[in-house]
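Q: Take a look and give me a structure for this.
(one chain, ligands or ions: 1)
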Amino acid sequence: MAARLQASLLAVAVIAAAAAVFATPAPGANYTVGAPGGSWDLRTDLADWASSIDFRPGDQLVFSYDASAHDVVEVTREGYRSCSAASPVSAALRTGSDAVELGGNGWRYFICGVQGHCAAGMKLQVRVSDAECTWTMPPPAPPGAPSGINLCPGGPPTVIMTPGVISHGSGAAPVSSASLTSLLVTMVSLCCLLASSLSS
Ligand SMILES: [Cu+2]
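A: Prediction:
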């Protein structure tokens, strides 16, 4: 009986693990800046948008915007902080549909070069990392309490709050389906360990 329970738990774990693999964006994922709720414009909270995505090397940013109103300039960290396009990393993009490859690990910085737009919030910084994150799971927590900690090398720990709210240090963003799946896999794995220790 215990062995049968163990087998079915194992099956669930395998299915959950497979789901996690498919939920993880493949290398070379395309992300349209600000989508789906916003765009490369003056209204979208671009910092909030970027914080909801784990950018990987080989991913692509697509800036889709009104070319008569905006442009895209990749700048240095200093250019980003001072909203200056005077020393760009590369020539300004102006087609209204510009794709930018995200190469290796590190930070990339983009601003709108139109006077005043960067200062008004039209700026984007993204962290590109292939680092795998480590999940730690404390004992079951009551609703509203931390239910897990996501540790990524080079980044601050992300505390997962029940019932499914993710907190990135200061701001908060919805937990992604991939993160939820990771949680599920961890929980199922714990169940399997428990079942095997009970049956032995
Ligand atoms: Cu602009």
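
Q: quick one: the strands in the protein?
A: Here the chain has its strands, by DSSP state E, at 30-32, 60-64, 73-75, 97-101, 106-111, 123-128, 134-136, 146-151, 158-161, 165-168, 171-174.

Q: pLDDT averaged over the last one - what is it?
A: Spelled out, that is strand 171-174. Mean per-residue pLDDT for strand 171-174: 37.

Q: now swap in stretch 70-90 and tell me
A: Stretch 70-90 shows a mean pLDDT of 97.

Q: Please apply the same query to stretch 48-55.
A: For stretch 48-55, the mean pLDDT works out to 96.

Q: ends of it, how far apart?
A: Terminal residues of stretch 48-55 are spaced 14 Å apart (Cα to Cα, to the nearest Å).

Q: ok, back up a step: comparing the strands of the chain, which gets the lowest mean pLDDT score?
A: Here the lowest mean pLDDT among the strands of the chain goes to strand 171-174, at a mean of 37.

Q: Enumerate the residues of the chain near the ion.
A: Counting by Cβ under 5 Å from the ion, the residues of the chain close to the ion are His70, Cys112, Val114, His117, Met122. Just so you know, the C-beta spots here come from the backbone N, C-alpha and C atoms, and that holds for glycine as well.

Q: The closest residue to the third one other than its chain neighbours: what's it in contact with?
A: Beyond its immediate neighbours in the sequence, the residue positioned closest to Val114 (Cβ to Cβ, 6 or more residues apart in numbering) is His70, lying 5.8 Å away. His70 makes contact with Trp40, Asp41, Cys112, Val114, His117, Met122, according to Cβ atoms under 8 Å, 6 or more residues apart in numbering.

Q: ok, now Ala119?
A: Counted by Cβ under 8 Å, 6+ apart, Ala119 has contacts Cys83.

Q: Not counting sequence-adjacent ones, nearest residue to Gln60?
A: Leaving aside its sequence neighbours, Gln60 sits nearest to Asn30 (Cβ to Cβ, 6+ apart; 4.8 Å).

Q: Show me where this structure has its helices.
A: Ranges of helices within the chain are 2-23, 46-51, 77-82, 177-199, based on DSSP state H.

Q: re the thing from before, the residues of the chain next to the ion: which two are farthest apart?
A: Spatial extent of the residues of the chain next to the ion (Cβ to Cβ) is set by the pair Val114 and Met122 at 7.9 Å.

Q: Those two - which one has more neighbours?
A: The residue with more neighbours, out of Val114 and Met122, is Met122; 24 against 16, by other Cβ atoms under 10 Å.

Q: Isn't that one up against Ala47?
A: No: contact criterion Cβ atoms under 8 Å: Met122 and Ala47 do not qualify, at 11.3 Å.
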